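**Student:** Sequence first, then the predicted structure:
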Amino acid sequence: MNVARAPGELEPTPRAVALGTFDGVHVGHRRVLAAALASELRATVVTFDPHPRTALGHRVELLSTLERRLELLAELGVPDVLVVPFDLEVARLEPASFVETILRPIGAEVVVVGAGFRFGRGRGGDVATLSALGFEVRPVQLVEGASSSAIRELLRRGDVAGAARLLGRPAELEGVVVAGDARGGRLGFPTANLAVPPELLVPADGIYAGAALDRRAAVSIGLNPHYGGRERRVEAFLLEFDGDLYGRRLTVELWRRLRDERAFATEDELVAQIDQDIAAARVAARPV
């Protein structure tokens, strides 16, 4: 997949452009992307980084990093992506200027967007605007209830199964593996301690069944109350894995929330519970 950071980096050729932020690349987004890919023109995604609301001073807990978003787009077969650096200058572009600055130079002829899509300064542009500016516009009816906001709310509650239904894939966490306290290794359960980028949403605290590197995993999110932890952490124990992950970027799927975090009367009780969590992770079903 070809990734451009400016319109001039893409050859001006007749294109069907899917336009949007596509945070999470959920089932609604996939309808838009499928419509662009089905066109006879060269399918191209125009997306934004950082999230437009961030540039306007709002905090947004993202479902995926830009790196992961691009990986998901590549998996769907998108040949070209233009990542528009979204700043206040872009935010101030009137709809017609946005079109002339970003869409026209790459050869966009067909524009595919979700129904209700808005763009340009003050969200002043819509499907009718694009049509009036000379594009063939193909609005796509999104999946009812499927939105990045709805998925964020489910994840904040720890409902990773519900989030998976709207994502069309398991919910994920990603980050670089860093050194932790090594308590897991001392107990016989060495974990990968994930440094999750601060802009990503981390689901509700608890113990989850999931997977990473094609291996099942038991994943802990939270403060590790048994040891009086004060720093929120994400730790994954990969079943049947023996290797060094330090410094490696890791994507962890969350399949099912198993239980709340809690402190135990003794370390032996903690170990017994971890054994149960691992047994549950071993038989958990991937949600989609």
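**Tutor:** Looks like it came in fine. All values reported here derive from a predicted model rather than from experimental measurement.
**Student:** Now do the same for Glu267: its pLDDT.
**Tutor:** What the model reports as pLDDT for Glu267 is 89.
**Student:** To clarify, my last question referred to Gly229.
**Tutor:** 66.
**Student:** when you give positions from now on, start the count at 677
**Tutor:** Let's use 677 as the start, then, which means that last one is Gly905.
**Student:** how about the closest residue to Pro901 other than its chain neighbours, secondary structure?
**Tutor:** By the measure of CB to CB, 6 or more residues apart in numbering, the closest residue to Pro901 outside its immediate chain neighbours is Ala939, 4.5 Å from it. Placement of C-beta: from N, CA and C, glycine included. Following DSSP: H, G, I helix; E, B strand; the rest coil, we place Ala939 in the coil state.
**Student:** From Thr867, how far out is Ala939?
**Tutor:** 18 Å (CB to CB, to the nearest Å).
**Student:** How about Leu686?
**Tutor:** From Leu686 to Thr867 the distance is 43 Å (CB to CB).
**Student:** which residues touch Val693?
**Tutor:** By CB atoms under 8 Å, 6 or more residues apart in numbering, Val693 lies in contact with Ala712, Thr720, Val721, Val722, Leu779, Ile782, Ala784, Val786, Val787, Val788.
**Student:** Look up how far Ala767 lies from Leu748.
**Tutor:** 25 Å.
**Student:** Burial check on His734, number of neighbours?
**Tutor:** Other residues near His734 come to 9 when the count uses other CB atoms under 10 Å.
**Student:** Give me the more crowded residue out of Leu686 and Thr867.
**Tutor:** Thr867 (24 against 20).
**Student:** wait, isn't that one in contact with Ser896?
**Tutor:** Yes - applying CB atoms under 8 Å as the test, Thr867 and Ser896 come out as touching, 7.3 Å apart.
**Student:** what's the overlap in contacts for the two?
**Tutor:** Glu911, Ala912.
**Student:** what are the ranges of the strands in the stretch 677-826 of the chain?
**Tutor:** Using DSSP state E, counting those that start in this stretch, the strands assigned to the stretch 677-826 of the chain run over residues 678-680, 691-695, 718-725, 756-761, 784-790, 812-816.
**Student:** Name every sheet partner of the last one and say whether each one runs parallel or antiparallel.
**Tutor:** Think strand 812-816. Strand pairing for strand 812-816, using DSSP bridges, gives strand 784-790 (parallel).
**Student:** What count of nearby residues applies to the nearest residue to Leu748 once chain neighbours are set aside?
**Tutor:** Spatially, and ignoring its direct neighbours in sequence, Leu748 is nearest to Val701 (4.1 Å; CB to CB, 6+ apart). By other CB under 10 Å, 26 other residues sit near Val701.
**Student:** I figured Val701 hits Leu746, correct?
**Tutor:** No - counting by CB under 8 Å, Val701 does not reach Leu746; the two are 9.7 Å apart.
**Student:** how about low-confidence regions in the stretch 727-876 of the chain?
**Tutor:** 857-864 (pLDDT under 70).
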